[in-house]
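> fold the following, please.
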Amino acid sequence: MTQTLAEIRLPTAELRDDIPFYTKVLGMRMDMIYPADDPTVAVFSGHGLRLRIEKDAPEPPGTIRIRCADPDGFADGARELTAPNGTRVEIDEINPPMVMPETVHSFVVRRLADQAPWIIGRAGMHYRDLIPDRLGGSIIASHIRIPDGGPVPDMVHYHTVGFQLIFCYRGWVDLVYEDQGPPFRLYAGCCVIQPPEIRHRVLFASDNIEVIEIGVPAEHVTTIDHEMELPNPVVNPDRLFQGQRFVHHKVEDALWQPHDRPGFTCRDTTIAAHTGGVAGVRILKKSDTKSMDFVHRADIHFTFVMEGSMTLEGEGRDAFELEPGDAFVIPPGMATRYANPSDDIELLEVTLPG
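Modelled structure (predicted):
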């Protein structure tokens, strides 16, 4: 096998000043130096990196990020350093804690007819943002579609999140999850929660598949797992991932029950129970009772109109006529009424906490 090495070249004005910094301060190994009588090039390796420091190289000095388990024990606890050759060095944790921003409450209505742009994101999927202000970074809600069905160019990966929901709105998609057995098909009206850091992969999608994805917080890291193959040999549906169980909610298993909002009934996905109350997900339909003003006490209350139509009335606000594809967020303490719901109205409701 032919050996291949990749190097990043960085400039220097005086190589002898850089050698002790890269070897002693950063703990890298010097692998090469030349010419012997007046060195102008040295190669250092360490921390998964190979650097070529070259006198008068034309590149800018650049920035190196070193992530470690004990950043306070690395480089005497310094988090930012500057090498003699001008290269900035940032020291950070290898697994930084997830930051949960405080919710900035607002009343948000996002209508499909407003022509919000579709953005091509990961694995070629099209994303439409349903909460533009993201409530201060506390949540992201995306309407995702794949126009052409077939194999999805996805890899085994996981998300560092507090909560994540995948709700199949149109079509179907084949998925596979860590410890959950063989791949399965997620049909329209069904959903899964992806507990924190569960490995998974999207395999195959129908034509014009559409899903609603909810993530908390809005900005979270997606990490590719190059080692795990799915399905893995372990099957453990009761496994807890940071206190949450995997849930595959199926339409045919659902039970309809009264909803606390007057005028509606719901089917509970059991997600609140399986996340320890982190979030609740329910599907709402019209009941035979009268719709009335209602005030919720959740921190986040998101709703997506899947079918039918209704008028969203909120205190001190103009009424909004809503149709399929529209979404809205109601802040806690605000009285609202779902007026004039059509007989076929169907809403996806997500609340945090559940």
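
> how about low-confidence regions in the stretch 201-350 of the chain?
Of all residues in the stretch 201-350 of the chain, none has pLDDT under 70.

> what of the stretch 51-200 of the chain?
Judged by pLDDT under 70, the stretches of the stretch 51-200 of the chain that qualify are 122-123.

> flag every buried residue along stretch 102-109.
Thr103, His105, Val108, Val109 (16 or more other CB atoms under 10 Å). For glycine as for every other residue, the C-beta is placed from the backbone atoms N, C-alpha and C.

> can you tell me what sits against that stretch?
Outside stretch 102-109, the residues within contact range by CB atoms under 8 Å, 6 or more residues apart in numbering are 131-133, 135-139, 299-300, 312, 314, 317, 320, 322, 326-332, 334.

> quick one on the thing from earlier: could you dump the buried residues of stretch 102-109 to TSV with distance to Met228 and secondary structure?
Formatted as TSV, the buried residues of stretch 102-109 follow (distance: CB to CB, whole Å; DSSP: H, G, I helix; E, B strand; the rest coil):
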residue	distance to Met228	secondary structure
Thr103	34	coil
His105	39	coil
Val108	37	strand
Val109	41	strand
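
> quick check, nearest of these to Pro11?
Thr103 (46.2 Å; CB to CB).

> in helices, which of the contacts of stretch 102-109 appear?
Among the contacts of stretch 102-109, no residue falls in helices (DSSP state H).

> buried ones among those residues?
For these, a burial check counting by 16+ other CB under 10 Å picks out 131, 135, 137-139, 299-300, 312, 314, 322, 326-331, 334.

> partners of whichever helix or strand Leu284 is part of, with directions?
Using DSSP states H and E, Leu284 falls within strand 280-286. Within its sheet, strand 280-286 is paired with strand 264-268 (antiparallel), strand 346-352 (antiparallel), according to DSSP bridges.

> which one of those strands lies nearest to Gly280?
Nearest to Gly280 among the strands paired with strand 280-286 is strand 346-352 (4.7 Å), distances taken as CB to CB.

> so where do the strands sit in the stretch 1-150 of the chain?
All strands of the stretch 1-150 of the chain, identified by DSSP state E, counting those that start in this stretch, fall at 8-12, 29-34, 41-46, 49-55, 63-68, 80-82, 88-93, 108-110, 119-120, 126-129, 140-146, 150-151.

> want to throw those into a markdown table with distance to His248?
Below are those laid out as a markdown table (distance: least, CB to CB, whole Å):
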| stretch | distance to His248 |
| --- | --- |
| strand 8-12 | 45 |
| strand 29-34 | 49 |
| strand 41-46 | 44 |
| strand 49-55 | 41 |
| strand 63-68 | 34 |
| strand 80-82 | 46 |
| strand 88-93 | 34 |
| strand 108-110 | 28 |
| strand 119-120 | 28 |
| strand 126-129 | 23 |
| strand 140-146 | 18 |
| strand 150-151 | 21 |
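
> between those strands, which gets nearest to Glu227?
strand 63-68 (18.5 Å).

> show me what the closest one is packed up against.
strand 88-93 (3 or more CB pairs under 8 Å, 6 or more residues apart in numbering; DSSP states H and E).

> next, the angle strand 63-68 makes with the strand it packs on.
Computed by axes from the mean of the first three to the mean of the last three CA atoms, to 10 degrees, the angle separating strand 88-93 from strand 63-68 equals 20 degrees.

> residues making contact with stretch 224-232?
Residues outside stretch 224-232 that contact it (CB under 8 Å, 6+ apart) are 155-158, 176-183, 199-201.

> give me the ChimeraX select line for the residues you listed, limited to the buried ones.
Command for ChimeraX that selects the buried part of the contacts of stretch 224-232, burial taken from 16+ other CB under 10 Å:
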select :156,157,158,176,177,178,179,180,199,200,201
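
> take the contacts of stretch 224-232 and keep only those in strands.
Per DSSP state E, strands hold the following members of the contacts of stretch 224-232: His157, Tyr158, Val176, Tyr177, His200, Arg201.

> measure the nearest residue to Gly124 once chain neighbours are set aside to Leu312 for me?
The spatial neighbour of Gly124 that comes closest, neighbours along the chain excluded (CB to CB, 6 or more residues apart in numbering), is Pro153 at 6.3 Å. For Pro153, the distance to Leu312 equals 38 Å [CB to CB, to the nearest Å].

> gap between the residue lying closest to Val329 once chain neighbours are set aside and Ala327?
The shortest distance from Val329 to any non-neighbouring residue, by CB to CB, 6+ apart, is to Val108 (4.1 Å). Distance, Val108 to Ala327, using CB to CB: 8 Å.

> what touches both of these two?
Ile131.

> what helices and strands are in contact with the longest helix along the chain?
Assignment by DSSP H gives helix 15-20 as the longest helix of the chain. Secondary-structure packing of helix 15-20 (3+ CB pairs under 8 Å, 6+ apart): strand 29-34, strand 41-46, strand 49-55.

> for those, which one sits closest to Glu307?
Using CB to CB, the nearest of these to Glu307 is strand 49-55, at 53.1 Å.

> okay, now the sheet partners of the closest one, with direction.
Strand 49-55 is paired, per DSSP bridges, with strand 8-12 (parallel), strand 41-46 (antiparallel).

> now do the longest one, average pLDDT.
In this model, strand 41-46 has an average pLDDT of 98.

> what angle do it and strand 29-34 make?
170 degrees.

> give the buried residues for strand 41-46.
For strand 41-46, by 16+ other CB under 10 Å, it's Val41, Ala42, Val43, Phe44, Ser45, Gly46.
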